[in-house]
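Colleague: Build me a model from this:
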Amino acid sequence: MALRYVVKKATFGFDKDKNEKYVARPFNVVNVDFKMLCDQVTRVGFVPRGTVKSVLDGLIDSLKTYMEIGASVSLGDFGTFRPSFGCKSQNDAAGVTTETLKNRKIIFTPGSLLKDMIKTVSIQKLETSDTKVSTPPSGGGNEGDGETPDPAA
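Modeller: Numbers count the residues shown, from 1 in each chain. Next comes the predicted model:
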């Protein structure tokens, strides 16, 4: 198996001249929903689907419980989840309050099993027609932006 990418035109917000450039964007073959994941784990693990769903539901509930108290939760080789947030900088310590906190998020740090997989997986170019992608000024960008290329093309 291999990861696939498509070549897209992009205009970067931080580029003063707004020149179009070409960049590689990951091609998402399919979105795997919770039911599909449970069915796959059932086939691989020889465990009834109801048991898989119950265990995963329990895992999600447990992650929520621990992260609500500020704990990092390690799932061994899979990785670690931890709650986080950003904060607007202030001129003095008294200015840092809950009102200056922003961007609450959950950070996932992959464990060794996933890190090793992503280092060794092959990558292939998927040929498609050019689709223009506009990238936000931060230079970031959501990999889901733009049109999804037709894999049959």
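
Colleague: buried stuff in the longest helix seen in the chain?
Modeller: For the chain, the longest helix by residue count, based on DSSP state H, is helix 49-68. For helix 49-68, burial by neighbour count (16 or more other CB atoms under 10 Å) applies to Val52, Lys53, Leu63, Met67. Just so you know, the C-beta spots here come from the backbone N, C-alpha and C atoms, and that holds for glycine as well.

Colleague: Mind putting the residues you listed into a markdown table with distance to Leu113 and pLDDT?
Modeller: Listed next are these as a markdown table, based on distance: CB to CB, whole Å; pLDDT from 0 to 100:
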| residue | distance to Leu113 | pLDDT |
| --- | --- | --- |
| Val52 | 19 | 96 |
| Lys53 | 22 | 95 |
| Leu63 | 18 | 97 |
| Met67 | 21 | 97 |
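
Colleague: Quick check, pLDDT for Gly144.
Modeller: If you check Gly144, the pLDDT there is 44.

Colleague: cool, Ala10 as well?
Modeller: 87.

Colleague: can you check Val23 too?
Modeller: 91.

Colleague: so it makes contact with Val7?
Modeller: Yes: the pair Val23 and Val7 passes the contact test of CB atoms under 8 Å, sitting 7.3 Å apart.

Colleague: Thr11 contacts Glu20, correct?
Modeller: Yes: using CB under 8 Å, Thr11 makes contact with Glu20 at a distance of 5.6 Å.

Colleague: now the helices: where do they sit in the chain?
Modeller: Taking DSSP H as the criterion, the chain carries its helices at 34-45, 49-68, 112-120.

Colleague: who wins for proximity to Val96 among those helices?
Modeller: helix 49-68 (21.8 Å; CB to CB).

Colleague: Give me the angle between the closest one and helix 34-45.
Modeller: For helix 49-68 against helix 34-45, the angle by axes from the mean of the first three to the mean of the last three CA atoms, to 10 degrees is 110 degrees.

Colleague: Can you give the distance from helix 49-68 to the centre of its chain?
Modeller: Distance of helix 49-68 from its chain centroid, counting by CA atoms, centre = their mean, to the nearest Å, is 20 Å.
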